[in-house]
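1. My questions concern the predicted model and sequence given below.
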Amino acid sequence: MTTPTRDEVRRAPKVLLHDHLDGGLRPQTVLELAADCGHDLPASDAGSLGRWFTDSADSGSLERYLETFDHTVGVMQTAHGLTRVGRECVEDLAADGVVYAEVRYAPEQHVSNGLTLDEVVAAVQEGIDEGTAATDGRIVVRQLLTAMRHQARSREIAELAVAWRDRGVAGFDIAGAEAGYPPTRHLDAFEYLQRENSHFTIHAGEAFGLPSIWQAIQWCGADRLGHGVRIIDDITVGEDGSVELGRLAAYVRDRRIPLEMCPASNLQTGAAASLAEHPIGLLTELRFRVTVNTDNRLMSGTSMTDEMWNLVQTFGYSLADLRWFTLNAMKSAFLPFDERLALIDEIIKPGYAELGA
Ligand SMILES: O=c1[nH]cnc2c1ncn2[C@H]1C[C@H](O)[C@@H](CO)O1
Ligand SMILES: [Zn+2]
């Protein structure tokens, strides 16, 4: 099977499960929204500002990486700003060949100018609706509501996700600095969501190791793992190339628990040293349910096309491999089964067939 060209990767239908709304703004939009609300930025033109984000996020530490969000969250405090960012996100993803996306952000971080949590979600949804209409329905987008793991509002945000579940919100997540903030701090929220037959993912195994993944799955009941790269610590590769899975890694693979892998982001936060050494290669070979994601398009200067193209160049993946990642992602989406199936049968499979995969 031949490796695809970059243009084929761009045209291929792609599915994105892990993308932060506040990590994907256009630099020009950050500038304009900052001018509107009087927020001071570290650069004054779009080119330098984009570079400032990628350079600063390139810190080798998740904590420092997260500091860059002050300048996106800071300009996302009004309904019109949130709507604009939501609309542009949909437009940018559609232009990149994404056919289904779940976009996440933390509503509790957007209330400092007096918006209510409900108004925040409504403003983002309005933008998503506008973007979807502007792209002629070429893309389906849902929201995931995130609670910040160092704060104590997760139960409230979980309730918000349930209240909005038929109006564009597909699930819940927790994010933020991982070390010192185990997912079990938010057990109350996860138990509530389970009682409500709701879906959630947990950032786990990014900056912290196996205990975080174990808690996310076995205590909290996560449907998916945000990143999950450190599951590699439970896999031993012998000198003869033999592979042995520990009990947790075996459980994750056996249960087909989706891994929302975000290679570019991991290189910046130090979760992996290089793409060639990134666990995604081995996890893919071992047939874990691997999905490919952007995490933060602004901070990583990335896109779904870039993520997949970099994998093609590093691991020699074919279109069939990209189709496999995409089907993995679509099967793992928090969208009802019949809607997932329709996207697979009517959009994804025909799209790859057209490209010869
Ligand atoms: O990769 C990440 N790990 C943990 N937290 C993250 C990551 N990317 C973004 N965040 C945080 C910063 C955002 O403000 C928040 C909600 O999107 O989620
Ligand atoms: Zn993330």
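-> Looks like it came in fine. Please read all numbers here as calculations on a predicted model, not as lab measurements. Ligands and ions are numbered 1, 2, ... in the order given.

2. How about the backbone phi and psi for residue 14?
-> For residue 14, the backbone dihedrals are phi -130, psi 150 (criterion: degrees, to the nearest 10).

3. Double-check it against residue 303; I have them as touching.
-> No - in this structure, residue 14 is not within contact of residue 303 by CB atoms under 8 Å, at 9.4 Å. (C-beta placed from N, C-alpha, C; glycine too.)

4. any common contacting residues for the two?
-> Both residue 14 and residue 303 are in contact with residue 96, where contact means CB atoms under 8 Å, 6 or more residues apart in numbering.

5. Over in the stretch 51-200 of the chain, which residue gets nearest ligand 1? Let me know.
-> Of all residues in the stretch 51-200 of the chain, residue 175 sits closest to ligand 1, at 3.4 Å by CB to the nearest ligand atom.

6. again with the stretch 201-350 of the chain
-> Sorted by distance to ligand 1 under CB to the nearest ligand atom, the residues of the stretch 201-350 of the chain start with residue 203, at 4.6 Å.

7. Wasn't that residue part of a helix?
-> No - judged by DSSP: H, G, I helix; E, B strand; the rest coil, residue 203 forms no part of a helix; its state is strand.

8. residue farthest from the centroid of this structure?
-> The C-alpha centroid of the chain is most remote from residue 240, which lies 35.4 Å away (CA atoms, centre = their mean).

9. on that earlier part again, and the residue of the stretch 201-350 of the chain closest to ligand 1, how many neighbours?
-> Residues lying near residue 203 (other CB atoms under 10 Å) number 30.

10. try the one 5 residues further on
-> Neighbouring residues of residue 208 were enumerated by other CB under 10 Å; the total is 20.

11. can you pull the contacts of it?
-> Residue 208 sits next to 178, 179, 230 when contact means CB under 8 Å, 6+ apart.

12. ok, now with 6 Å
-> With contacts defined as CB atoms under 6 Å, 6 or more residues apart in numbering, residue 208 is in contact with 178, 179.

13. between residue 14 and residue 303, who's got more neighbours?
-> In terms of neighbours (other CB under 10 Å), residue 14 is the more surrounded of residue 14 and residue 303; the figures are 29 against 23.

14. The more buried one and residue 100 touch, don't they?
-> No - no contact is recorded between residue 14 and residue 100 when judged using CB atoms under 6 Å, the distance being 8.5 Å.

15. if I look at residue 206, how far off is residue 106?
-> When CB to CB, to the nearest Å is applied, the distance between residue 206 and residue 106 equals 16 Å.

16. need the residues of the chain near ligand 1, please.
-> Residues of the chain lying close to ligand 1 by CB under 6 Å from any ligand atom are 20, 22-23, 62, 66, 69, 73, 104-106, 109, 146, 175-176, 203, 206, 265, 295-296.

17. Am I right that residue 15 is in a strand?
-> Yes - for residue 15, which was evaluated using three-state DSSP, the result is membership in a strand.

18. Show me what counts as buried in stretch 339-357.
-> Of the residues in stretch 339-357, those scored as buried under the neighbour-count criterion (16 or more other CB atoms under 10 Å) are 340, 343, 344, 347, 348, 349, 351, 352, 355, 357.

19. can you check stretch 309-326 too?
-> Neighbour counts over stretch 309-326 (16+ other CB under 10 Å) mark 309-312, 314-315, 317, 319, 321-326 as buried.

20. average model confidence for it?
-> The average of the pLDDT scores along stretch 309-326 is 98.

21. Repeat that for stretch 233-241.
-> The pLDDT scores in stretch 233-241 average 97.

22. same question, stretch 261-278
-> Stretch 261-278 shows an average pLDDT of 95 in the prediction.

23. contact partners of it?
-> Stretch 261-278 is contacted by residues 18, 57-58, 60, 62, 65, 206, 229, 280, 290, 293, 295, 300, 302, 310, 314 when judged by CB under 6 Å, 6+ apart.
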